[in-house]
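Asks: Provided below are the primary sequence and the corresponding predicted coordinates.
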2 protein chains.
Amino acid sequence: MSNAYTQLIHALKILPNVGNKTAQRMAHTLLHTNRDGAAQLSQAIENALKQIHNCQLCHDFCEGELCAICANPQRDASRLMIVQMPADIAAMEAARCHDGLYFVLMGQVNPSQEMDLRSIALEQLIARLSGSSVEEIIIATAHTAEGDATAYILAELFKNQHYKISRLARGMPLGSELEYVDAGTLAQAVYDRNLLK
Amino acid sequence: MSNAYTQLIHALKILPNVGNKTAQRMAHTLLHTNRDGAAQLSQAIENALKQIHNCQLCHDFCEGELCAICANPQRDASRLMIVQMPADIAAMEAARCHDGLYFVLMGQVNPSQEMDLRSIALEQLIARLSGSSVEEIIIATAHTAEGDATAYILAELFKNQHYKISRLARGMPLGSELEYVDAGTLAQAVYDRNLLK
Ligand SMILES: [Zn+2]
Ligand SMILES: [Zn+2]
């Protein structure tokens, strides 16, 4: 097999859940079935890397310094909802039940891997809160082992601080990611949120 | 969400079995977890598109005009094994039971989609055989519905021609792709191949 092919297979394997067999199937698509799409993908990755960074406030992916939500003066800056992933914000916005701001952890704490805190944007969260007008923090992690561990870490972090802290009610189906939950259930979970301190 | 992000998600969805949710997970890896790997992937796709074409004889991916197997004068040019995918050649070579040449169809015929023949490199195969010294053709498609349909199409194509035609013995486990079969079973299937005409 050619060198460029081996390198392509190797490069594809950085994608989540992509092993040798899947990478070969992808390479077949890229090199045979859809070479135009492949050129567009290469370009899209290059563009995205160049243009997309993290919002300076919420840490979500965005092209400018601030994302549209953080830049919106209508949002209630006293309430901050902490979510795991960018897609969670879209799901929450569709539920129209939170008019505050967000912070994206870009990950979750894995309780089976010794709670490695580097998997969430903790430093950026602390910097975000420092000197801010946030009064209430809503922890909107999923009700999974990882979401529970992440919520626990956050609750510990804020234990001796002045914030009112809550977590989404268990109205959410267990074991399910936020973005798969329907808007009504999400709204219910926000209204029923439990005060942690 | 940003424009570059939307375009990245869109571009990722050309990959096999990648829907919205998987594309979002991939984008997270590319933009957050492993930006270096993402830059390498973009470059690897670009390089592969530039450097990798099809071998003029066997239609396999290769960087020059001829792949290493086709360019090897030691191989028996009178026997041609027809396989579905590039990975099948690697599996067959590891079984060390075929000293002839190969032809890669780069696909298979789907019997549930009206046997669309454009999914296999039929024209290139006909051109390959025209005026060649091939005497025997071994059809090495899988024993799946698609592999059977592909073998049927090939057998029909060669019906009134002088080639000795065989297909891999059913020693291969049913429903399994060539590259998952162990070398011993593959070798047995070649030795026991059934004469189709
Ligand atoms: Zn923001
Ligand atoms: Zn070749």
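Replies: Great, that's in hand. Ligands and ions are numbered 1, 2, ... in the order given.
Asks: counting by contacts, list what the longest helix belonging to chain A packs against.
Replies: For chain A, the helix with the greatest residue count under DSSP state H is helix A:35-51. With contacts defined as 3 or more C-beta pairs under 8 Å, 6 or more residues apart in numbering or on different chains; DSSP states H and E, the packing partners of helix A:35-51 are helix B:3-12, helix B:35-51. All C-beta spots, glycine's among them, are computed from the backbone N, C-alpha and C.
Asks: can you give the contact residues for it?
Replies: Helix A:35-51 is contacted by residues A:29-31, A:63, B:2, B:4-5, B:7-8, B:10-12, B:14-15, B:27, B:30-31, B:35, B:38-39, B:41-43, B:45-46, B:48-49 when judged by C-beta atoms under 8 Å, 6 or more residues apart in numbering or on different chains.
Asks: tell me the angle it makes with helix B:3-12.
Replies: With axes from the mean of the first three to the mean of the last three C-alpha atoms, to 10 degrees applied, the angle from helix A:35-51 to helix B:3-12 works out at 150 degrees.
Asks: list the neighbouring strands of whatever helix or strand comes next after helix A:35-51 plus their orientation.
Replies: Following helix A:35-51 in sequence order, the next helix or strand is strand A:53-54 (DSSP states H and E). Next to strand A:53-54 in the sheet, as set by DSSP bridges, lie strand A:61-62 (antiparallel).
Asks: give me the pLDDT value at residue A:161.
Replies: At residue A:161, the model reports a pLDDT of 91.
Asks: buried residues, stretch A:84-96. List them.
Replies: By neighbour count on 16 or more other C-beta atoms under 10 Å in any protein chain shown, the buried set for stretch A:84-96 is A:84, A:85, A:86, A:87, A:88, A:89, A:91, A:92, A:95.
Asks: the second one touches residue A:92, doesn't it?
Replies: What that stands for is residue A:85. No - counting by C-beta atoms under 8 Å, residue A:85 does not reach residue A:92; the two are 11.1 Å apart.
Asks: picking that back up, give the buried residues for the longest helix of chain A.
Replies: For helix A:35-51, using 16+ other C-beta under 10 Å, the buried residues are A:37-49, A:51.
Asks: residue A:185: which of these is nearest?
Replies: residue A:48 (31.8 Å; C-beta to C-beta).
Asks: how far does stretch A:133-142 sit from its chain's centre?
Replies: 14 Å (C-alpha atoms, centre = their mean, to the nearest Å).
Asks: what do you get for stretch A:68-75?
Replies: 18 Å.
Asks: same question for stretch A:40-47.
Replies: On C-alpha atoms, centre = their mean, the centre of stretch A:40-47 falls 22 Å from that of its chain.
Asks: same question, stretch A:35-54
Replies: 20 Å.
Asks: what mean pLDDT does that stretch have?
Replies: Mean pLDDT, stretch A:35-54: 96.
Asks: can you check stretch A:133-153 too?
Replies: Across stretch A:133-153, pLDDT averages out at 89.
Asks: make sure residue A:19 is actually in contact with residue A:13.
Replies: Yes - contact status for residue A:19 versus residue A:13: in contact at 6.9 Å, counting by C-beta under 8 Å.
Asks: comparing those two, which residue is more hemmed in?
Replies: Remark: of residue A:19 and residue A:13, residue A:13 carries more neighbours, 15 against 9, as counted by other C-beta atoms under 10 Å in any protein chain shown.
Asks: alpha carbons of stretch A:78-87, as CSV, please.
Replies: This file holds the C-alpha atoms of stretch A:78-87, laid out as CSV (Å, rounded to 0.1, in the frame of the first residue of the first chain):
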residue,chain,number,x,y,z
SER,A,78,-26.7,36.8,36.8
ARG,A,79,-27.5,33.2,35.9
LEU,A,80,-24.9,30.8,34.4
MET,A,81,-25.8,27.4,33.1
ILE,A,82,-22.9,25.0,32.9
VAL,A,83,-23.2,22.3,30.1
GLN,A,84,-20.9,19.6,28.9
MET,A,85,-20.9,20.1,25.1
PRO,A,86,-21.7,22.7,22.5
ALA,A,87,-24.7,20.7,21.3
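Asks: give me the mean pLDDT for that stretch.
Replies: The average pLDDT for stretch A:78-87 rounds to 92.
Asks: distance from the chain centre to it, please.
Replies: Between the centre of stretch A:78-87 and the centre of its chain there are 8 Å (C-alpha atoms, centre = their mean).
Asks: contacting residues around it?
Replies: Contacts of stretch A:78-87 (C-beta under 8 Å, 6+ apart): A:60-61, A:89, A:92, A:98-108, A:125, A:128-129, A:132-142, A:147, A:150, A:154, A:178-179, B:1, B:21, B:24, B:28.
Asks: run a quick neighbour tally on residue A:64.
Replies: When neighbours are defined as other C-beta under 10 Å, residue A:64 has 12 of them.
Asks: wait, residue A:76
Replies: Residues near residue A:76, counting by other C-beta under 10 Å, number 14.
Asks: same deal with residue A:183?
Replies: As a burial measure, residue A:183 scores 14 neighbours (other C-beta under 10 Å).
Asks: surely it touches residue A:92?
Replies: No - in this structure, residue A:183 is not within contact of residue A:92 by C-beta under 8 Å, at 9.2 Å.
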